[in-house]
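Colleague: Next comes the sequence, and after it the predicted model I'd like to discuss.
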Amino acid sequence: MESENGTQSYEAFPMYGGQGQYSYAQNSNHQRKVADVTKHIIRDAILEMLDLETLLHDSSNIIRIADLGCSVGPNTFFIVQNIIDSVNLKSQSHQEHGFDSPEFQVFFNDHVGNDFNTLFKSLPMNKQYYAAAVPGSFHGRLFPESSIHVFNSTYALHWLSRVPKDIVDKNSPAYNKGKIYYTNEEKEVAEAYSAQFERDLESFLNSRALELVPGGIMTLTIFCVPPDSKNGFEVLVNVMGDVLVDMANKGLISHEMVDSFNIPIYTPASEEVRVLIEKNGKFKIEKSELLFRLFGDVNQQPNAQTICTQMRAVWEGLFKKHFEQDDVVDEIFIQYEKKLAETTLFPFSKPSYKQLGGLYVMRRTLV
């Protein structure tokens with residue numbers, strides 16, 4: 001998409017579309033669990049914080065909602081309906097004072113390559129809103145100034161706008177040769193990821209500050225690491241890295257293909273997110289919640305096949321773009337499932353690995 005000055009471009013990493021075996025629509029149960037957990041927190045935030053009287057007065061009785069990183073459903077519909085139900089509940093008292101029930105316009109945003117066809121084919125038949133697609137990267141501008149009343153983004157901001165350039169530069173101390181992700185032990189690589197995340201979050205917040213109306217709110221559920229816990233996702237990605245190296249050693253793919261491939265995801269510490277939001281200064285965090293406190297069954301041993309299928313729904317497009325051949329990608333995930341099943345110290349079986357996520361409810365500080 002175009003940025004504010006119309007010159008910046010962003011890499012696209014859409015989820016796997018359609019309704020098939022490996023589609024995101026069929027394999028996003030964990031993300032739905034996050035939406036279930038945050039439902040009441042977001043509802044309470046809207047009831048508490050949304051300045052509905054001012055918004056209805058200034059917007060011709062229309063409430064505009066944007067879900068950023070909506071993917072292909074069905075979770076986005078659940079999230080949007082919760083927001084609408086919460087606004088309707090809050091509006092009941094205003095109707096007693098002569099206000100009409102608000103109408104709703106919902107903007108579903110994701111990359112240009114997102115499967116919007118599947119998304120809109122599965123729109124709820126009884127939806128209470130006018131739906132529109134807004135293709136483009138949420139790292140830049142998407143909407144006119146002061147046009148959106150409620151922004152939401154759930155489990156999307158961990159995706160970077162691009163792979164950090166230093167980690168694919170052979171002359172850089174952060175060159176990530178033979179690996180596809182970062183660990184805290186690799187200081188230069190981790191710093192390159194962290195710096196890219198900081199730039200991306202800064203651009204995201206600057207854009208939303210211009211687009212959110214005064215009195216509106218933004219709810220962000222971010223894939224992050226709680227205090228004093230290990231990054232289980234890091235372990236899962238590094239298992240995939242081992243698979244790719246094994247395949248390269250067997251001559252199934254080239255070592256150059258492995259060296260030039262990196263997962264464009266960063267899982268910040270929860271405190272890191274807070275510091276960056278406060279540093280930006282354009283939003284005030286009104287409420288935050290570490291979601292691992294709310295999840296159950298954190299020690300449940302996962303099934304390797306289930307984990308592999310869920311990760312494939314997220315990564316398929318990324319792998320096909322880089323490795324190009326479908327049969328190679330199929331073999332990668334076959335070996336990934338085997339490797340997961342062979343992992344004796346599977347990360348989520350340890351109490352130190354906790355569910356990841358933080359919810360941040362914010363209002364803009366700009367007048």
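Modeller: Right, received. Where do you want to start? Numbering: from 1, shown residues only.

Colleague: Show me which helix runs longest in this structure.
Modeller: helix 187-211 (DSSP state H).

Colleague: Give the buried residues for it.
Modeller: With burial defined by 16 or more other Cβ atoms under 10 Å, the residues of helix 187-211 counted as buried are 189-190, 192-194, 196-198, 200-211. Heads up, the C-betas are built off the backbone N, CA and C, glycines and all.

Colleague: Skip the chain neighbours and tell me the closest residue to the residue positioned nearest the centre of the chain.
Modeller: Nearest to the mean C-alpha position of the chain, by Cα atoms, centre = their mean, lies residue 156 at 0.9 Å. Computed as Cβ to Cβ, 6 or more residues apart in numbering, the closest residue to residue 156 that is not its neighbour in sequence is residue 69, at 2.7 Å.

Colleague: To what extent is the one you found buried, counted in neighbours?
Modeller: Applying other Cβ atoms under 10 Å, we find 22 residues neighbouring residue 69.

Colleague: thinking it is in contact with residue 157, fair?
Modeller: Yes. Under the criterion of Cβ atoms under 8 Å, residue 69 makes contact with residue 157 at 7.4 Å.

Colleague: Off-centre distance for the least confident helix or strand in the chain by mean pLDDT?
Modeller: Using mean pLDDT, DSSP states H and E, helix 52-58 stands out as the lowest-scoring helix or strand of the chain, at a mean of 75. Computed by Cα atoms, centre = their mean, to the nearest Å, the chain-centroid distance of helix 52-58 equals 30 Å.

Colleague: can you pull the buried residues of that helix?
Modeller: By neighbour count on 16+ other Cβ under 10 Å, the buried set for helix 52-58 is 52, 55, 56.

Colleague: Next SSE downstream of that helix?
Modeller: Going down the chain from helix 52-58, the next helix or strand is strand 62-68, by DSSP states H and E.

Colleague: Run the chain-centre distance for that following strand.
Modeller: 17 Å.

Colleague: moving C-terminal of it, what's the next helix or strand?
Modeller: Going down the chain from strand 62-68, the next helix or strand is helix 75-95, by DSSP H and E.

Colleague: mind listing the strands in the stretch 201-350 of the chain by residue range?
Modeller: Secondary structure of the stretch 201-350 of the chain (DSSP state E, counting those that start in this stretch): strands at 212-222, 283-290.

Colleague: Give me whichever of those is most buried.
Modeller: Ranked by mean neighbour count, the strands of the stretch 201-350 of the chain are led by strand 212-222 with a mean of 22 (mean count of other Cβ atoms under 10 Å).

Colleague: Okay, angle between it and helix 75-95 too, please.
Modeller: 140 degrees (axes from the mean of the first three to the mean of the last three Cα atoms, to 10 degrees).

Colleague: now for strand 212-222, which elements pack on it?
Modeller: Strand 212-222 sits against helix 29-49, helix 52-58, strand 148-154, strand 358-364, with contacts defined as 3 or more Cβ pairs under 8 Å, 6 or more residues apart in numbering; DSSP states H and E.

Colleague: picking up where we left off before, got the confidence number for the residue nearest to the centre of the chain?
Modeller: If you check residue 156, the pLDDT there is 93.

Colleague: doesn't residue 75 make contact with it?
Modeller: No. Between residue 156 and residue 75 there is no contact under Cβ under 8 Å: 10.9 Å.

Colleague: how many neighbours does residue 170 have?
Modeller: Residue 170: 8 neighbours (other Cβ under 10 Å).

Colleague: Would you mind giving the secondary structure of the closest residue to it other than its chain neighbours?
Modeller: Excluding its sequence neighbours, the residue lying closest to residue 170 (Cβ to Cβ, 6+ apart) is residue 177, at 7.8 Å. Look at residue 177: counting by DSSP: H, G, I helix; E, B strand; the rest coil, its state is coil.
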